[in-house]
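In: Got a sequence here, can you build the structure:
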Amino acid sequence: MSQTTSQRAILLVEDNPKDVELTLRAFKKSNLSNHVVVAHDGVEALDYLFARGVHANRPGSELPQLVLLDIKLPKLDGLEVLRALRQDERTKLVPVVILTSSLEEQDLIRGYALGANSYVRKPIDFVQFTEAVRQLGLYWLVTNQAPPLTGSA
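Out: Numbering: from 1, shown residues only. All right, here's what the predicted structure looks like:
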């Protein structure tokens, strides 16, 4: 059973509560209706994606349409989350946008080398941030043709 675009969730992996709130407000302001699941660290993100731990009851075949991934995370950093996603057959095609405040060129290089679909630096200004999130949402949730869900997890 497949989900339609509007039913598939967005996984936001972000440890900063202020950035979580800004991202959710930006999606709401942009009228993007996908459910947003928030993971506050890398381990929680992988637990959600692989339906384990507190997310063990979640159907593992229901992958998010998009992962918005911060790099600087507690427990397991975003680049390690990305590496795990790309190494697993179930999640290797899930679109991942690194959404970070990191200005380090090495993070940019490593993100793409590990298979990120896009790398966006968070603007400081809320208006710019809202516009960046709106554009991300429109492209990845509306314009882009998402890969099909895999059969089982």
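
In: average pLDDT across stretch 58-72?
Out: The average pLDDT within stretch 58-72 is 88.

In: Show me where this protein has its strands.
Out: 10-13, 36-39, 66-69, 96-100, 118-121 (DSSP state E).

In: Mean neighbour count added to those, as a markdown table?
Out: Glycine gets a C-beta too; all of them are placed from N, C-alpha and C. What follows is the strands of the chain, written out as a markdown table (neighbours: other Cβ atoms under 10 Å):
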| stretch | mean neighbour count |
| --- | --- |
| strand 10-13 | 24 |
| strand 36-39 | 19 |
| strand 66-69 | 27 |
| strand 96-100 | 24 |
| strand 118-121 | 16 |
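
In: low pLDDT regions in this structure?
Out: 1-7, 124, 142-146, 148-153 (pLDDT under 70).

In: Residue 105 versus the residue positioned nearest the centre of it, what's the distance?
Out: Among the residues of the chain, the one closest to the centroid is residue 67, at 1.6 Å (Cα atoms, centre = their mean). As judged by Cβ to Cβ, to the nearest Å, residue 67 and residue 105 stand 22 Å apart.

In: Check the burial of residue 78 by counting its neighbours.
Out: Neighbour count for residue 78, taken as other Cβ atoms under 10 Å: 29.

In: which ones are touching the closest residue to it other than its chain neighbours?
Out: Closest residue in space to residue 78, ignoring its immediate chain neighbours: residue 71 at 4.0 Å, by Cβ to Cβ, 6 or more residues apart in numbering. Residue 71 makes contacts with 77, 78, 79, 98, 100, 102, 107, 111, as judged by Cβ atoms under 8 Å, 6 or more residues apart in numbering.

In: Quickly note the distance from residue 71 to residue 48.
Out: Per Cβ to Cβ, residue 71 is found 18 Å from residue 48.

In: if I look at residue 51, how far off is residue 126?
Out: On the measure of Cβ to Cβ, residue 51 and residue 126 end up 34 Å apart.

In: Looking at the two, which is more packed in?
Out: Ranked by neighbour count (other Cβ under 10 Å), residue 51 and residue 126 place residue 51 first, with 17 against 12.

In: I appreciate the help and will end here.
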